[in-house]
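K.L.:
Pasting the sequence and the predicted coordinates here, then a few questions.
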Amino acid sequence: MRAIVVEEIGGPEVLRPTEAPDPVPGPGEVVVDLAARGVNFIEIYQRSGLYPVSLPWIPGSEGAGVVSAVGEGVTGVSVGSRVVSASLRGSYAERAVVAAEDLVPVPDGVSIEQAAAVLLQGLTAHYLTHSTYPVHPGDTVLVHAAAGGTGRLVVQFAKLRGARVIGTVSTEAKEREARAAGADEVIRSTEADIAAEVHRLTNGEGVPVVYDGVGAATFDASLASLRPRGMLVLFGQASGPVPPFDPQRLNAAGSVYLTRPSLGHYTRTRQELLDRASDVLGLVASGGLTVHVGGRYPLAEAHRAHTDLASRATTGKLLLV
């Protein structure tokens, strides 16, 4: 099969298309013929060495397609089933293997491309707004990178839960995207003091929660935007990792909370995975959640997708198709 095989840590140029052995399912596993694959920042972190991986390595964990082979002991899924997963091993390939328990069925009314574009970021947005800090009706929340793939979904879920949403973006075009997703107020991070604007928009109170997937570039503003006993949910580091800091800063900011969550801890059981995925994909099917694909790239041009995503010039979700 064709696959993107990384043999050395480095920039996008190390994402080279080549031939690789077809995957074979072991007990409890299935092989999926992939039609669409999600591109995510974690693959950039891994490719660049920020998150260690064993080489040679086929990137990717998110994708959707049709089951082409099942291993011993697999029940509940069969050849020909439309499925999606955020736990594939090496989705930057024509085929990938996955544990059957990590698969989610793609319901009627949801396309394979929509499923690939929404699952990982949709599950993330779901746990952030439903569990890490459960948004309450009337809350005013701050969402960084509100025009990005995850940001747009966080905005939509927060609105569905009755919040007023303040989003941050870097350009006029991204402001339009954030407002289209439902943001009530939008701050241009390149033109304004984020924390000062947040306090102006909240009559000096600050917000109960900041959803921050940007990291180093926004961390200080995020802390300064919280109200006393508010929560900073740091779920990514698109601009780089946050440098070490004195925990006393959390006291000075108003006895605030800081958490660094990850999806695996919020989908620890199959039932939790299915419950969250059912909510996400059900809303896509009903039109209650909009999936925005910001770019489609041939598998062989994965390097270009990484370059575009890292530039933070994209909006929505990037797919390899």
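P.N.:
Noted; the coordinates are in hand. On a predicted model such as this, the values are computed, not experimentally measured, just so you know.
K.L.:
okay, and for the stretch 151-300 of the chain, where does confidence drop off?
P.N.:
Along the stretch 151-300 of the chain, no part satisfies pLDDT under 70.
K.L.:
show me where it has helices.
P.N.:
172-181, 194-201, 219-225, 248-252, 270-286 (DSSP state H, counting those that start in this stretch).
K.L.:
what's the nearest residue to the residue nearest to the spatial centre of the chain if we skip its chain neighbours?
P.N.:
Centrality entry for the chain: nearest residue to the mean C-alpha point is Gln121, 3.1 Å, by CA atoms, centre = their mean. Spatially, and ignoring its direct neighbours in sequence, Gln121 is nearest to Thr150 (4.4 Å; CB to CB, 6 or more residues apart in numbering). Any C-beta I mention is one placed from the backbone N, CA and C, and that applies to glycine too.
K.L.:
mind checking the SS state of the one you found?
P.N.:
Per DSSP: H, G, I helix; E, B strand; the rest coil, the secondary structure class of Thr150 is helix.
K.L.:
re the thing from before, quickly find the element holding the residue nearest to the centre of the chain.
P.N.:
Counting by DSSP states H and E, the element that carries Gln121 is helix 112-127.
K.L.:
Now do that helix against helix 149-160, angle only.
P.N.:
Using axes from the mean of the first three to the mean of the last three CA atoms, to 10 degrees, the inter-axis angle of helix 112-127 relative to helix 149-160 is 60 degrees.
K.L.:
what is the rounded mean pLDDT of helix 112-127?
P.N.:
Across helix 112-127, pLDDT averages out at 96.
K.L.:
follow-up on the earlier one: mind putting the helices of the stretch 151-300 of the chain into a markdown table with distance to Gly65 and mean neighbour count?
P.N.:
Formatted as a markdown table, these follow (distance: least, CB to CB, whole Å; neighbours: other CB atoms under 10 Å):
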| stretch | distance to Gly65 | mean neighbour count |
| --- | --- | --- |
| helix 172-181 | 27 | 18 |
| helix 194-201 | 40 | 19 |
| helix 219-225 | 37 | 23 |
| helix 248-252 | 44 | 11 |
| helix 270-286 | 15 | 17 |
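K.L.:
Looking at those, which is nearest to Gly90?
P.N.:
Nearest to Gly90, of all the helices of the stretch 151-300 of the chain, is helix 270-286, at 20.0 Å by CB to CB.
K.L.:
packing partners for that closest one?
P.N.:
strand 104-105, helix 112-127 (3 or more CB pairs under 8 Å, 6 or more residues apart in numbering; DSSP states H and E).
K.L.:
cutoff 6 Å now
P.N.:
Applying 3 or more CB pairs under 6 Å, 6 or more residues apart in numbering; DSSP states H and E, we find helix 270-286 packed against helix 112-127.
K.L.:
The helix it packs on - contacts with which helices or strands?
P.N.:
strand 29-39, strand 63-70, helix 149-160, helix 270-286.
K.L.:
could I get the second one in PDB with only the CA atoms?
P.N.:
To tie it back to what came earlier, the one meant is strand 63-70. The C-alpha trace of strand 63-70 is given here as PDB (Å, rounded to 0.1, in the frame of the first residue of the first chain):
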ATOM      1  CA  GLY A  63      -9.500   8.500   9.800                       C
ATOM      2  CA  ALA A  64     -12.700   7.000   8.300                       C
ATOM      3  CA  GLY A  65     -13.400   4.400   5.700                       C
ATOM      4  CA  VAL A  66     -14.700   0.900   5.200                       C
ATOM      5  CA  VAL A  67     -13.700  -2.300   7.100                       C
ATOM      6  CA  SER A  68     -11.800  -4.600   4.700                       C
ATOM      7  CA  ALA A  69     -10.600  -7.400   7.100                       C
ATOM      8  CA  VAL A  70     -11.400  -8.500  10.700                       C
END
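K.L.:
That one: which residues count as buried?
P.N.:
63-65, 67-70 (16 or more other CB atoms under 10 Å).
K.L.:
Over to stretch 101-121?
P.N.:
For stretch 101-121, by 16+ other CB under 10 Å, it's 101-106, 110, 112-121.
K.L.:
Need the residues that contact that stretch.
P.N.:
Here stretch 101-121 makes contact (CB atoms under 6 Å, 6 or more residues apart in numbering) with 35-36, 38, 62-64, 77, 82-87, 149-150, 153, 270, 277, 281, 284-285, 291, 293, 317, 319.
K.L.:
Next: stretch 248-268.
P.N.:
Under CB under 6 Å, 6+ apart, the answer for stretch 248-268 is 123-124, 127, 131-132, 223, 226, 228-235, 273.
K.L.:
Highest neighbour count among those?
P.N.:
Within the contacts of stretch 248-268, Thr124 tops the neighbour count with 28 neighbours, counted by other CB atoms under 10 Å.
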